[in-house]
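Asks: model this:
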Amino acid sequence: MKLFDELFKPAETHIASYSPFTVQEAYMAIFYSILHADEDWGEKEFKALDAILMRLRVFEDENINFYIAEVKEQYLKYGAIPLINGGLHLISQRLKPQLFCLCAELVLANESITHKEQKILEYLADASNISEELAQKIIEVTLLRMMN
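Replies: Coordinates of the predicted model:
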């Protein structure tokens, strides 16, 4: 019977999309997604985020807690990948290697890297159109800087 076919047909898959309103929200969405890759946001990672935000001019005179609260709500609604994809749309291609470096700093802040963190960094590099060679060099340089 066609009646039941219509009622019980499989739901169409819908890919959630997220669009940040500002560049600050875009950066925070990506940072938040990176930090929550392993679902364990420790004190060292929080301190690393704080240091990064203090270096980024885009966050000068901004209420950081506002962006964290906004992005947390969006993260719960959409998850990491839509936040990264949406955030990348507002960030210039020339700034994406720097963004990748900052995200590597966040992941390496606790001096270890989980499989999930590796995967999300790989995704970020790919979504940012950063070559595997450049991503590897960025991680190597970040490791060297953090050792000193």
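Asks: What sits closest to the most centrally placed residue in the chain if chain neighbours are left out?
Replies: Among the residues of the chain, the one closest to the centroid is I30, at 2.5 Å (Cα atoms, centre = their mean). Of all residues not flanking I30 in the chain, G87 sits nearest, at 4.3 Å (Cβ to Cβ, 6 or more residues apart in numbering). All C-beta atoms are positioned from the backbone trio N, CA, C, and that covers glycine.
Asks: Kindly report the same for I34.
Replies: C103 (4.6 Å).
Asks: before we move on, back to that, SS state for the residue nearest to the centre of the chain?
Replies: helix (DSSP: H, G, I helix; E, B strand; the rest coil).
Asks: so how far is N148 from it?
Replies: For I30, the distance to N148 equals 26 Å [Cβ to Cβ, to the nearest Å].
Asks: Touching the helix or strand containing P97 from outside, list them.
Replies: In this assignment (DSSP states H and E), P97 forms part of helix 96-108. Residues outside helix 96-108 that contact it (Cβ atoms under 8 Å, 6 or more residues apart in numbering): 27, 30-31, 34-35, 37, 45, 48-49, 52, 56, 88, 91, 113, 117, 120-121, 124-125, 128-130, 134-135, 138-139, 141-143, 146.
Asks: for that helix, the distance to its chain's centre please.
Replies: Relative to the centre of its chain, helix 96-108 is centred 9 Å away, using Cα atoms, centre = their mean, to the nearest Å.
Asks: Buried residues, that helix. List them.
Replies: 96-97, 99-108 (16 or more other Cβ atoms under 10 Å).
Asks: same thing with stretch 51-71?
Replies: Within stretch 51-71, the residues that count as buried by 16+ other Cβ under 10 Å are 52-53, 56, 59, 67, 70-71.
Asks: Looking at those residues, which is nearest S17?
Replies: Relative to S17, the closest of the buried residues of stretch 51-71 is V71; by Cβ to Cβ it sits at 15.2 Å.
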